[in-house]
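**Q** the amino acid sequence is not available; the structure is as follows:
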């Protein structure tokens, strides 16, 4: 692995189902993030984690939950998917200080 | 709340032209500013990161400048190529390390 790995690459999900999007990084970055990208709305922050063991809410957290049990993994869970959660989801990471972001290649989720 | 605006929203140029993409932000108290490239259906690739203490960064044909006092950054692309066609996004920190993104400039370089 080099950078951030997201899985699955794409998924079609029935409304009401539970789904976990996976994100793993190998750069030992302390901070990780989940964004969703929608046409016309740009990138919006869902949840973030500044360090292992801590998480915080972003701009659009409702319907999503995250956990950060260790430095490398930051899964995003949709407890009961709804069609409005159809989007492309990006995981990102950064180091503390003045570092920039590194992004994963995204998960395209369609809720039907 | 930090607001990030990118102008133009779309740009189409013939191959070989030099071009400038603009990014403006409302809160000048930023740690850094980052430019990204996004190809259709793909993730974001970091192009340049300018720290708040810097005025510009260069990578190959790309040059990014930062003027915190006026709340502006520009991305200059020299001798554009069809492979430069993509959407270009700028991002500035909101809090310690959470970013606000502009809506992007979609660039099309025609052969």
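**A** Everything's here; your move. Owing to the predicted nature of the structure, the values given are computational and were not obtained by experimental measurement.
**Q** what about the strands in the chain?
**A** This is for chain A. A:4-7, A:10-13, A:19-25, A:31-38, A:42-49, A:56-57, A:64-66, A:76-78, A:87-94, A:102-103, A:107-111 (DSSP state E).
**Q** the intended chain is chain B.
**A** Using DSSP E, strands in chain B cover B:4-7, B:10-14, B:19-25, B:32-38, B:44-51, B:56-59, B:62-67, B:72-77, B:86-93, B:99-101, B:105-110.
**Q** make TSV out of these and add mean pLDDT, distance to residue A:45 and mean neighbour count.
**A** Just so you know, the C-beta spots here come from the backbone N, C-alpha and C atoms, and that holds for glycine as well. Below are the strands of chain B laid out as TSV (pLDDT from 0 to 100; distance: least, Cβ to Cβ, whole Å; neighbours: other Cβ atoms under 10 Å in any protein chain shown):
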stretch	mean pLDDT	distance to residue A:45	mean neighbour count
strand B:4-7	92	13	18
strand B:10-14	96	25	13
strand B:19-25	96	16	19
strand B:32-38	93	15	23
strand B:44-51	92	14	19
strand B:56-59	94	25	14
strand B:62-67	96	22	19
strand B:72-77	96	20	20
strand B:86-93	93	11	24
strand B:99-101	86	8	24
strand B:105-110	97	21	17
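**Q** would you mind giving the ones you listed as TSV with distance to chain A added?
**A** Listed next are these as TSV, based on distance: least, Cβ to the nearest Cβ, whole Å:
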stretch	distance to chain A
strand B:4-7	9
strand B:10-14	13
strand B:19-25	13
strand B:32-38	4
strand B:44-51	4
strand B:56-59	11
strand B:62-67	12
strand B:72-77	13
strand B:86-93	7
strand B:99-101	4
strand B:105-110	12
